[in-house]
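Trainee: mind folding the following:
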Amino acid sequence: MSAASRIRDLNPVINLSGPLTMYGSSISSAGVAAATAEALRHHWDMDALNRLAGEVIAEWSGAESGMVTSSSASGVALAVAATMTGADLGRIAQLPDTSGMKNEVVIQKEHAVNFGAPIEQMIRLAGATVREVGSVNQTTPALIQHALNDRTAATMFVISHHTVQYGFVQLDEFVRLSHAAGVPVIVDAAAQDQQIERIVQSGADLIILSVQKYLSGPTAGIVCGSRALVRAVDLQSAGIGRAMKVGKEGLFGTIAALEERMQSNLGEWESGQRGKAEYLASRLGDLRGVGISVERDKVGQPVHRVRLEVDRERAGLSAEEICAALIACTPSIKPRAHHTDEGWFLLEPVHITEQEMDVVAQELARIVG
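Mentor: The predicted structure is shown next:
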């Protein structure tokens, strides 16, 4: 049996979770797919290709410099490494042994999330140690100031729906406190590409984003920020970064995705996404015991989702049971099910068609009645 035949035998997916890695992230445009395929058909001067990608990233982001990594997770590890080694090739060769280096990374406890793996593990991959500050619902400026010392290599700030959304020190203040102590700030903003202008303006030193989420490119990550520190990230390719290198297809696809983004209108994109969510909500009709509403992303991305609040007694099923039934459908329907234990879940229609939304509506009517 051919590989193509085996792929066709796989259960297809209607992805209403958003661009999650477990479901193949996003769907690329024909233009991005063509650019990625073109890369695979030729040899390239990789140094020149990397420089071109960096120029495009800087143009798009407004940061001093940028580069492409194999993923946003690897971008975190390499950014941490860069703050410990700088451009010192001896130190780069020494990692992950950090003897004689500043090697602590301070992170607010609210931001110590698991995005598929713990962010603390990505930090430790570079050889750094993690210093959590505060509690899960309260971190104050004084606690951050107290944690910064002569061993601090960097501070880490995470922008994600996974984090606790209250009680933490906000980005601008976090940067101010870190810089007052002479400490660079790394921001993990993997899925926050449409907030890049605000994040760059905060003064953060290194910003990590995912290419395959709302940028809808291939599997790759972006690191942008300070020219000197981006250069130090790039130099990690002579050390631990060799295991995290990006291929030509990732570079071509990133360039194409960023060029498409720079030609797009954010307001029009958001309006279109709100319209898709409203259409899906209208197609769901009256589901017994289920409240339906449309909400905007609470972290700041201009993404709209349908929220389903489940009254278990009236619906006859829990939110978790409804999600399990959706996943068991053919094609499998993957809801954004992070909060089923609280009695609700989300449907994000960014990467699905109107026809697929109609299928979802039919299946939910069958499941809930």
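
Trainee: now do the strands in the stretch 1-150 of the chain.
Mentor: Assigned by DSSP state E, counting those that start in this stretch, the stretch 1-150 of the chain shows strands spanning 13-16, 65-69, 104-108, 129-133.

Trainee: which of those sits closest to His338?
Mentor: strand 13-16 (12.5 Å; Cβ to Cβ). Any C-beta I mention is one placed from the backbone N, CA and C, and that applies to glycine too.

Trainee: now the closest one: mean pLDDT?
Mentor: Strand 13-16 shows a mean pLDDT of 93.

Trainee: then that strand to PDB, C-alphas only?
Mentor: The C-alpha trace of strand 13-16 is given here as PDB (Å, rounded to 0.1, in the frame of the first residue of the first chain):
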ATOM      1  CA  VAL A  13     -10.300  16.100  11.400                       C
ATOM      2  CA  ILE A  14     -12.500  19.200  11.700                       C
ATOM      3  CA  ASN A  15     -10.400  21.400  13.800                       C
ATOM      4  CA  LEU A  16     -12.400  23.700  16.100                       C
END
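
Trainee: give me the sheet partners of it and which way each runs.
Mentor: Its sheet considered, strand 13-16 pairs with strand 332-335 (parallel) by DSSP bridges.

Trainee: just how off-centre is whichever helix or strand comes after the partner strand within its chain?
Mentor: Scanning forward in sequence from strand 332-335 by DSSP states H and E, the next helix or strand is strand 344-347. Relative to its parent chain, strand 344-347 has a centroid offset of 19 Å by Cα atoms, centre = their mean, to the nearest Å.

Trainee: just give me the longest helix of the protein.
Mentor: For the chain, the helix with the greatest residue count under DSSP state H is helix 266-284.

Trainee: for the stretch 1-150 of the chain, just list every one of the helices.
Mentor: Counting by DSSP state H, counting those that start in this stretch, the segments of the stretch 1-150 of the chain that form helices are 3-8, 30-40, 46-61, 72-85, 89-94, 119-125, 141-147.

Trainee: nearest approach to Ala189 belongs to which of those helices?
Mentor: When those are compared (using Cβ to Cβ), the closest one is helix 72-85, at 8.6 Å.
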